[in-house]
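K.L.:
Structure for this input, please:
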Amino acid sequence: MGRAFEFRKERKFKRWSKMAKQFTRIGKDIAMAVKEGGPDPETNSRLRAVIQNAKAVNMPKDNVERAIKKASSKDSGDDYKELIYEGYGPHGIAILVETATDNTNRTVANVRSYFTKHNGSLGTSGSVEFMFERKCHFKIAKTEQDLEELELELIDFGVEEVFDEEDGVMIYGPFEAFGAIQKALEEMGLEIISSGFERIPTTTKKLTEEQEAEVEKLLEKIEDDDDVQQVYHTMG
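P.N.:
Numbering: from 1, shown residues only. Predicted coordinates for the structure are as follows:
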C-alpha cells in the first residue's frame, strides 16, 4: 500500500480531535482562501476545497457563510500569515509545526516555550523540514469504478496512490499536484468529501512507551495552541 498508507494507519495522534478547534482552523482556512481568490467558491478552488472540509466535519452551513462574509468585508481585520516552525522534541524526535497567525511574535514565543518546557528545542528554518515529504490527499465517495483503472486515469495528473477505506477512497499525490488532481476529480464527476495536505516522515524513530509519553505531552501542548494548524513528527 505504500508508506503514506502505513503512516496513516500507525499514526497515534488524530488531528481535528476537538470540534471547537476544528471550526477555528477551518475558519482561518476560509479567511485565507477568500483573501487569496475571492468569496465565490465557483471561481475559487481553494475556498471550494475548504468548504468541502467544513462539511466533512459537520461545521454548520451558517458558520461557513458567516466566515466567508466576514473575510469578504473591507473591515475584516483578519490577516493570517502561514508560518512553519521546526524543532526537536525529547529523544531526538523531529517536529514540524504549521501555523496561521495574525501575531507572529505571540506565536513564536508560545511555540518556543512549549519546546523549552518539555525538553525540546526550537530549531532554525530548514532544520527538520527535509525529513518530511509534502503530499496532498483527497477523500472521495465510493465509486463503482475499478480502483486500478481510476489510478491509471489519474496518474497523468500526478496521483501516486489510490486505496479503499471504509468510508471512501483515498487518493495521494505530491503537494504541487493538488490543483490538477482537484480539477480532474471534479471533471470526472467524482464527489470530493475532503482534501488537504500532509507531511509524511521519510524515516521514523521507535521509542519506549515512557519516551513516547514524554513526546506526546509536547505534541498535545503544541496542538492545543489556537495559532497551530497542523503538527507533524518522526515518532514511529
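K.L.:
Thr202: neighbouring residues, count only.
P.N.:
11 (other Cβ atoms under 10 Å). Every residue, glycine included, has its C-beta placed from N, CA and C.
K.L.:
cool, and Glu186?
P.N.:
By other Cβ under 10 Å, 13 other residues sit near Glu186.
K.L.:
Could you check how far it is from Ile84?
P.N.:
According to Cβ to Cβ, to the nearest Å, Glu186 and Ile84 sit 29 Å apart.
K.L.:
Also Arg106?
P.N.:
Distance from Arg106 to Ile84, by Cβ to Cβ: 16 Å.
K.L.:
Same question for Thr24.
P.N.:
19 Å.
K.L.:
Quick check: which element contains Ser127?
P.N.:
If you go by DSSP states H and E, Ser127 is not part of any helix or strand.
K.L.:
and what of the one 10 residues further on?
P.N.:
Here His137 sits within strand 132-140, counting by DSSP H and E.
K.L.:
Okay, and the beta partners of the closest residue in space to Arg199 that isn't next to it in sequence?
P.N.:
Leaving aside its sequence neighbours, Arg199 sits nearest to Phe132 (Cβ to Cβ, 6 or more residues apart in numbering; 3.8 Å). Phe132 forms beta bridges with Pro201, as assigned by DSSP bridges.
K.L.:
Can you give me the pLDDT of Phe132?
P.N.:
For Phe132, the pLDDT comes out at 97.
K.L.:
swap in Lys206?
P.N.:
pLDDT, Lys206: 96.
K.L.:
how far away is it from His118?
P.N.:
Relative to His118, and taking Cβ to Cβ, Lys206 is found at 20 Å.
K.L.:
Is Val231 bridged to anything, and to what?
P.N.:
Val97.
K.L.:
Hmm, it is touching Ala94, no?
P.N.:
No: using Cβ atoms under 8 Å, Val231 is not in contact with Ala94; the gap is 11.4 Å.
K.L.:
neighbour-wise, which of these two wins?
P.N.:
Higher neighbour count among Val231 and Ala94: Ala94, with 23 against 20, using other Cβ under 10 Å.
K.L.:
Provide a list of residues in contact with the more buried one.
P.N.:
86-88, 128, 131, 201, 233-234 (Cβ atoms under 8 Å, 6 or more residues apart in numbering).
K.L.:
Just give me the residue closest to the centre of this structure.
P.N.:
When Cα atoms, centre = their mean is applied to the chain, the residue found nearest the centroid is Phe197 (4.5 Å).
K.L.:
how many other residues sit next to the closest residue in space to that one that isn't next to it in sequence?
P.N.:
Leaving aside its chain neighbours, Phe197 sits nearest to Cys136 (5.4 Å; criterion: Cβ to Cβ, 6+ apart). By the criterion of other Cβ under 10 Å, Cys136 has 24 neighbours.
K.L.:
which element follows the worst-scoring helix or strand of the chain on mean pLDDT toward the C-terminus?
P.N.:
Within the chain, no helix or strand scores below helix 3-10, which has a mean of 52 by mean pLDDT, DSSP states H and E. Where DSSP H and E defines the elements, the next helix or strand beyond helix 3-10 is helix 19-37.
K.L.:
after that following helix comes which helix or strand?
P.N.:
Following helix 19-37 toward the C-terminus (DSSP H and E): helix 45-56.
K.L.:
And that next one, what's buried?
P.N.:
45-54, 56 (16 or more other Cβ atoms under 10 Å).
K.L.:
So which residues make contact with that helix?
P.N.:
So helix 45-56 is contacted by 26, 29-30, 33-34, 36-42, 63-64, 68, 139, 179, 182-183, 192-196 (Cβ under 8 Å, 6+ apart).
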